[in-house]
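> this one's structure only:
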């Protein structure tokens, strides 16, 4: 699964999401990814709940195609203010 595939899955499942996904430290290790996801769906949710929304969007891919996901989530306001 490519980073672009992961971006498409997240963006298709989360309200107005903007996902940026890439390979973690080792670009030859295809199943270790890093993702930054910005969505208004995260408003009022704890960090754990935000991450759970992303994991839910990825579904079974989290156990079959993605070994590890370094995840950063933001509401649009948080992202603009950082």
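Cool, the structure landed. Remember, it's a predicted structure, so these values are computed and weren't measured experimentally.
> chain center to the lowest-mean-pLDDT helix or strand in the chain: distance?
The helix or strand of the chain with the poorest confidence is helix 61-64; it has a mean of 90 (mean pLDDT, DSSP states H and E). How far helix 61-64 lies from its chain's middle: 13 Å, per C-alpha atoms, centre = their mean, to the nearest Å.
> next helix or strand past it?
With elements assigned by DSSP states H and E, the helix or strand that comes after helix 61-64 is strand 68-74.
> quick check: neighbours of that following strand in the sheet, parallel or antiparallel?
Applying DSSP bridges to the sheet, strand 68-74 is found paired with strand 32-38 (parallel).
> tell me which helix or strand comes right after the strand it pairs with.
helix 47-58.
> same for that next one, what does it pack against?
In terms of contacts (3 or more C-beta pairs under 8 Å, 6 or more residues apart in numbering; DSSP states H and E), helix 47-58 is packed against helix 3-13, strand 68-74. For the C-beta atoms, the positions are set from N, CA and C on the backbone; glycine is no exception.
> closest to residue 45 out of those?
Between residue 45 and the helices and strands packed on helix 47-58, the shortest separation by C-beta to C-beta is 8.8 Å, and it involves strand 68-74.
> and the closest one, which residues are buried?
For strand 68-74, burial by neighbour count (16 or more other C-beta atoms under 10 Å) applies to 69, 71, 72, 73, 74.
> same question, stretch 7-25
For stretch 7-25, by 16+ other C-beta under 10 Å, it's 7, 9, 10, 11, 13, 14, 17, 19, 21, 24.
> tell me how many other residues crowd the spatially closest residue to residue 55 that is not a sequence neighbour.
Among residues not flanking residue 55 along the chain, residue 62 sits closest, at 5.5 Å (C-beta to C-beta, 6 or more residues apart in numbering). If you count neighbours by other C-beta atoms under 10 Å, residue 62 ends up with 15.
> over to residue 37?
Neighbours around residue 37, by other C-beta under 10 Å: 25.
> and if you look at residue 55?
Residue 55 has 15 nearby residues by other C-beta under 10 Å.
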